[in-house]
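Asker: Kindly return the folded structure for what I paste below:
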Amino acid sequence: MRKIIISPKFGRALRRYVRRHPELKKRIELVIQQIESDVFAASLGTHPLKGKLEGLQGCSCGYDCRIVLSIEPDAIILLDIGTHDEVY
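Answerer: You can find the predicted model right below:
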């Protein structure tokens, strides 16, 4: 199991996103726990990103909620969260 590291940008984006969508707070917490236990679980839809975010991964956390992350050998770094248009 890899350790989860929350970047400062992710922390700010998470607070902003939860303020706009408080009903998704519990879902986001569950998704982060699932990322920690199995980042490639089918329900997350983890996929490599292209373009300016090449080398990073994206996963779904609900209908229009995405998390951008970096998978390192010993850690998973959460980089950004928001709608599809905000993060990609």
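
Asker: Just the pLDDT for the residue lying farthest from the centre of the chain.
Answerer: No residue in the chain has its C-alpha farther from the mean C-alpha position than Gly51, which lies at 17.8 Å (C-alpha atoms, centre = their mean). For Gly51, the pLDDT comes out at 94.

Asker: measure stretch 60-68 end to end?
Answerer: Terminal residues of stretch 60-68 lie 9 Å apart, using C-alpha to C-alpha, to the nearest Å.

Asker: outside of it, which residues touch it?
Answerer: With C-beta atoms under 8 Å, 6 or more residues apart in numbering as the test, stretch 60-68 has contacts from 17, 21, 24, 27-28, 31-32, 35, 44-45, 49, 53, 56-59, 78-84, 87-88. In short, each C-beta sits where N, CA and C put it, glycine included.

Asker: Just the mean pLDDT for it, thanks.
Answerer: Mean pLDDT, stretch 60-68: 92.

Asker: Return the distance of it from the chain's centre.
Answerer: Averaged C-alpha coordinates place stretch 60-68 at 7 Å from its chain's average position (C-alpha atoms, centre = their mean, to the nearest Å).

Asker: ok, now how distant is the residue farthest from the centre of the chain from Gln34?
Answerer: Distance of Gly51 to Gln34, computed by C-beta to C-beta, to the nearest Å: 26 Å.

Asker: same deal with Arg20?
Answerer: Arg20 is 22 Å from Gln34, by C-beta to C-beta.
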